[in-house]
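Undergrad: Got a sequence here, can you model it:
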Amino acid sequence: MLKSDIKEMTETERLKLKKWDVFWHYSPAIFFLTVPIINLYFIIEARLTNNEIVYERIIDGLGLVWVFLSLSIIGFVYKYWTLKFKVLDQKVESKHFKNAIELTAKELDWRIIRNEGNYLFAYSWNTLFSWGEQITIIKKGNKVLINSICKLNQPSFFGGNQKNVDTFKRNLKASAQQRV
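TA: Numbers count the residues shown, from 1 in each chain. Take a look at the predicted model:
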């Protein structure tokens, strides 16, 4: 990540993904969008060829299209929402911040990609049910921003993202209280 990316993420409190990661992040919603797009193609083709029988059959089957369109919209909204950082309004010294990162990385077996004092980028390991998570933590003044999203296009039904956030919050609080 570039310093300009970190600055942008700090200002917007939203995780910035690389172009290819954006595609993979939103791919479940894109998948559900294919049925309405294909259906729209057949509607246009039927109208252009004046094929009323095909056109009426397609129009009669629009219920399924609405289901897929709704799932796609819900998917886009949910995936957009997951990019929002959780904000911890807690004054934390740098040594406590670093200590909380070390404790959490050890406890959850994170693979740290970049740790530069006020910024951490890490991955959790793959498990039976998950391809792992991407963890981003930024310390900016009296705020700590944390985000954990699933790698690639998997759904976040198994609680790994929340576990990453909760464990870091707990360790940060313990470090700040000098218990650790």
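Undergrad: show me what contacts the nearest residue to residue 118 once chain neighbours are set aside?
TA: Once flanking residues are discounted, residue 118 sits nearest to residue 139: 4.3 Å by Cβ to Cβ, 6 or more residues apart in numbering. No exception for glycine: its C-beta is placed from N, CA and C like everyone else's. Shown in contact with residue 139 (Cβ atoms under 8 Å, 6 or more residues apart in numbering): 92, 94, 97, 117, 118, 119, 145.
Undergrad: Residue 107 too?
TA: 167, 171.
Undergrad: mind checking which helix or strand it is in?
TA: Using DSSP states H and E, residue 107 sits in helix 94-108.
Undergrad: What mean pLDDT does the longest helix seen in the chain get?
TA: Counting residues, the longest helix found in the chain (DSSP state H) is helix 19-48. Averaging pLDDT along helix 19-48 gives 92.
Undergrad: Name the residues that touch the next helix or strand after it?
TA: Proceeding N to C from helix 19-48, the next assigned helix or strand is helix 52-60, under DSSP H and E. Outside helix 52-60, the residues that touch it by Cβ under 8 Å, 6+ apart are 39, 42, 43, 46, 47.
Undergrad: Going by distance to residue 133, which of the residues you listed wins?
TA: Ranked by distance to residue 133 (Cβ to Cβ), the contacts of helix 52-60 are led by residue 39 at 34.9 Å.
Undergrad: neighbours around residue 75, how many?
TA: 19 (other Cβ atoms under 10 Å).
Undergrad: And the host helix or strand of residue 87, how far out from the chain middle?
TA: Using DSSP H and E, residue 87 sits in strand 86-89. Relative to its chain's centre, strand 86-89 lies at 17 Å (Cα atoms, centre = their mean, to the nearest Å).
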